[in-house]
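Peer 1: fold the following.
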Amino acid sequence: MQHLVQELQAHQIELELQNEELLLAQAETERIRLQYVNLYESAPVGYCTLDAAGTLHQLNLRTSQLLGQARAQLLGRRLALFVTLADRDQLSHFLAGLWAQPGQRQSCELAMCRADDTPFFGQLEGVVLLEGDAAHPPIGSCRLVLLDVTARRLAQDELKAKNALLDTIVQQMPVALARLGPDGRYRELAGQALRRLGLADNELAGQLAAKLFPATAPHFERLLAGHREIYTLHLTYQERTVVLHCSGFFDAQRQEVVVFALDITDSEQLKEAALRQQQELLAAILATQEEERRRIAEALHNSVGQLLYGTRLHLDALPPTEAVRASQLILNEAIVATRSISFELTPTILEDFGLAVALQELVSRIPTSLAVDLNLHGLDRPLPPLLATAAYRIVQELLNNVMKHAQAQEVFVQVSQEEGQLYLSVEDDGVGLPPEVAPGPPLGIGLAGIRTRAGLLGGTFTVQSRPGRGTGFFLQIPVESLASPGKS
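Peer 2: Numbering: from 1, shown residues only. From the prediction side, this is the model:
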């Protein structure tokens, strides 16, 4: 009996230990269950369970918030009621696909509305799970995850609209879009502006831009280095030319150079045509002026000059008296002045020997009270007659201004032809221009005429005045633009 009692006591202790372990396991299970419920209820996404008819059977708090109705009111309602009419067929197709392929995860995006008809875009991630054993037929349930993707969808729609607008601009407006990789090859080259070159969209994709259009190379290098640039390009392809106003930048995220270009060929051609007309008008004016100067010079030589020479012969035949000698001196001065005026009016040496010799002769006639340092470079190559005449007259006018206004002791004159440009400068050590005049238009009609003439020749004219230390006049005129016979 005692042995039996001991066995029962041992068995009781064992049962108590097992009961304690069971209570601990139940407590742990409840803790895990509560943790799961807490995660389920506080999840930032909606969780719900549907049957084969699409009816809601289980849902968490986030699903209730997304659908805009209390959980108790949602249970037993069909999810399709919260999908817009236009997308309900898509929902039906989605659910049918889930039930047709249990265990396979699928997703779709739908236009939905809350209970108060507030629209939003929802993304559904779903899977059908089957539960059961050999003794009982499997019972399935559809588990869904519901996400509010309104912000993402609106951003996508906005991006799509912008891309559509950009595509319309590229295809309809005279523009071009180029995307180039770090290797300098076109990833994309499209736009209506390419039609002027006879190119279709992306016809040159994959090719090196610098090989096709060498003028793009320096701009590509600067853009690739991260510099933003706005520039103008003249591109030629198979004897067709286009002028593009470009704006580019480097897209660090996509590691590519992006360039937008506007076709300004027509406007540039209009500008060139207007400039040609102005230059032709200038050429006609200058030709008329030179012809008038020639006529006046001939009149001085043939009439006044002959009269002066005749008078000197008459005086030379008279007995030498003090009055006669005084008259001869005055007469000689008049003859020299007439010759000088005739030369200034028509420097035939310019036509016969060129600009360099004409300028040297001009400087030799400057009074010795003004020292002139003349430097000539590259003038052994002939200049267009219009430009040579204009350069000569400009130097002549500037030297006259120095002698009349500058009170200078020395003047430096430099004329050079380099790299298709004619550079001309006249600098003196005189009193300079008044401060209130120097920044504005040039002083005097002569200087204003020089500025206008330089502009019509396609060049620039600048004045740098240093009060008390002199004034510098600087011109730069392109030679090539005046080289055609029609412009000369």
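
Peer 1: so where do the helices sit in the chain?
Peer 2: 2-42, 61-67, 71-74, 88-100, 150-172, 209-212, 217-224, 265-299, 305-317, 322-345, 348-353, 355-364, 385-401, 444-456 (DSSP state H).

Peer 1: can you tell me which of the ones you listed comes nearest to N375?
Peer 2: Ranking those by proximity to N375 (CB to CB) places helix 355-364 first, at 10.2 Å. For every residue, glycine as well, the C-beta is placed using N, CA and C.

Peer 1: please save the CA atoms from that closest one in CSV.
Peer 2: Output of helix 355-364 as CSV, limited to C-alpha atoms (Å, rounded to 0.1, in the frame of the first residue of the first chain):
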residue,chain,number,x,y,z
LEU,A,355,46.3,99.0,-97.3
ALA,A,356,49.8,98.6,-95.8
VAL,A,357,51.5,101.0,-98.2
ALA,A,358,48.5,103.4,-98.0
LEU,A,359,48.7,103.5,-94.2
GLN,A,360,52.4,104.1,-94.3
GLU,A,361,51.9,107.0,-96.6
LEU,A,362,49.1,108.4,-94.4
VAL,A,363,51.3,108.3,-91.4
SER,A,364,54.2,110.0,-93.2
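
Peer 1: about what we covered before: let's have the helices of the chain in a markdown table, adding mean neighbour count and distance to Q417.
Peer 2: Output for these, formatted as a markdown table (neighbours: other CB atoms under 10 Å; distance: least, CB to CB, whole Å):
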| stretch | mean neighbour count | distance to Q417 |
| --- | --- | --- |
| helix 2-42 | 10 | 84 |
| helix 61-67 | 20 | 79 |
| helix 71-74 | 14 | 89 |
| helix 88-100 | 15 | 76 |
| helix 150-172 | 12 | 44 |
| helix 209-212 | 16 | 31 |
| helix 217-224 | 16 | 25 |
| helix 265-299 | 14 | 19 |
| helix 305-317 | 13 | 36 |
| helix 322-345 | 13 | 24 |
| helix 348-353 | 14 | 16 |
| helix 355-364 | 17 | 9 |
| helix 385-401 | 21 | 10 |
| helix 444-456 | 16 | 16 |
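
Peer 1: of all those helices, which one is nearest C113?
Peer 2: Comparing the helices of the chain by CB to CB, helix 61-67 comes nearest, at 9.1 Å.

Peer 1: hmm, back to that, the helices of the chain: which one's closest to R185?
Peer 2: helix 209-212 (7.2 Å).

Peer 1: turn the helices of the chain into JSON lines, including mean pLDDT and distance to L244.
Peer 2: JSON lines is the format used below for those (pLDDT from 0 to 100; distance: least, CB to CB, whole Å):
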{"stretch": "helix 2-42", "mean pLDDT": "74", "distance to L244": "58"}
{"stretch": "helix 61-67", "mean pLDDT": "92", "distance to L244": "51"}
{"stretch": "helix 71-74", "mean pLDDT": "92", "distance to L244": "60"}
{"stretch": "helix 88-100", "mean pLDDT": "95", "distance to L244": "46"}
{"stretch": "helix 150-172", "mean pLDDT": "84", "distance to L244": "13"}
{"stretch": "helix 209-212", "mean pLDDT": "94", "distance to L244": "13"}
{"stretch": "helix 217-224", "mean pLDDT": "95", "distance to L244": "11"}
{"stretch": "helix 265-299", "mean pLDDT": "79", "distance to L244": "8"}
{"stretch": "helix 305-317", "mean pLDDT": "75", "distance to L244": "60"}
{"stretch": "helix 322-345", "mean pLDDT": "75", "distance to L244": "48"}
{"stretch": "helix 348-353", "mean pLDDT": "78", "distance to L244": "41"}
{"stretch": "helix 355-364", "mean pLDDT": "90", "distance to L244": "37"}
{"stretch": "helix 385-401", "mean pLDDT": "88", "distance to L244": "30"}
{"stretch": "helix 444-456", "mean pLDDT": "78", "distance to L244": "25"}
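
Peer 1: for G378, which of the ones you listed is the nearest?
Peer 2: So among the helices of the chain, helix 355-364 is nearest, using CB to CB, at 9.5 Å.

Peer 1: for the spatially most central residue of the chain, give me its contacts.
Peer 2: Nearest to the geometric centre of the chain sits S247, at 2.0 Å (CA atoms, centre = their mean). Neighbouring residues of S247 by CB atoms under 8 Å, 6 or more residues apart in numbering: 228-230, 259-261.
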